[in-house]
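**Student:** Generate coordinates for the sequence data below:
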Amino acid sequence: MLPPALPASVGSDAVAVPASYGFRVLARLPRSGCVFADPDRWWWIVPAGSDHELSWPYPAHYAPGAHVPENPGRRMIHCPEGSSPYTPPIPLYLVVCQLTGTAPAWT
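**Tutor:** The predicted model follows:
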């Protein structure tokens, strides 16, 4: 799934949002890692454990182990400029909360 030049050194999970949110999320993030898209969802690669003490709001979907269901139409639409495949999870979380009208919640 990830390009060989972008190793996921701390493991990887994925956060998906409906495709209708995709461009808005991408535009609001200061930095994005690898982003995959299909007609239904956009998937951001985040470091493993990015759900620790975070409650990702509906309709976001958190996929441990970056287990993204197979879809023949999925492709990488954003490759990071640096050497890390990750999107920082806290800014992503806050943007998703903002777009869904959900107050951020963590312990």
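
**Student:** Help me confirm that P85 comes into contact with S32.
**Tutor:** No: contact between P85 and S32 fails when scored by C-beta atoms under 8 Å: they sit 10.2 Å apart. The C-beta positions use only the backbone N, C-alpha and C, and glycine is treated the same way.

**Student:** of these two, who's got more company?
**Tutor:** Higher neighbour count among P85 and S32: P85, with 25 against 21, using other C-beta atoms under 10 Å.

**Student:** tell me which element the more buried one falls in.
**Tutor:** P85 belongs to no helix or strand when assigned by DSSP states H and E.

**Student:** Show me where this structure has its strands.
**Tutor:** 12-18, 35-37, 41-47, 61-63, 75-78 (DSSP state E).

**Student:** Minimum distance to P89: which of the ones you listed has it?
**Tutor:** strand 41-47 (4.5 Å; C-beta to C-beta).

**Student:** CA atoms only: put that closest one into PDB for me.
**Tutor:** Taking Å, rounded to 0.1, in the frame of the first residue of the first chain, the C-alpha atoms of strand 41-47 are listed here in PDB:
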ATOM      1  CA  ARG A  41     -13.800   7.500   0.900                       C
ATOM      2  CA  TRP A  42     -10.400   9.200   1.300                       C
ATOM      3  CA  TRP A  43      -7.900   7.500   3.600                       C
ATOM      4  CA  TRP A  44      -5.100   9.300   5.600                       C
ATOM      5  CA  ILE A  45      -2.100   7.200   6.800                       C
ATOM      6  CA  VAL A  46      -1.400   8.000  10.500                       C
ATOM      7  CA  PRO A  47       1.100   6.500  13.000                       C
END
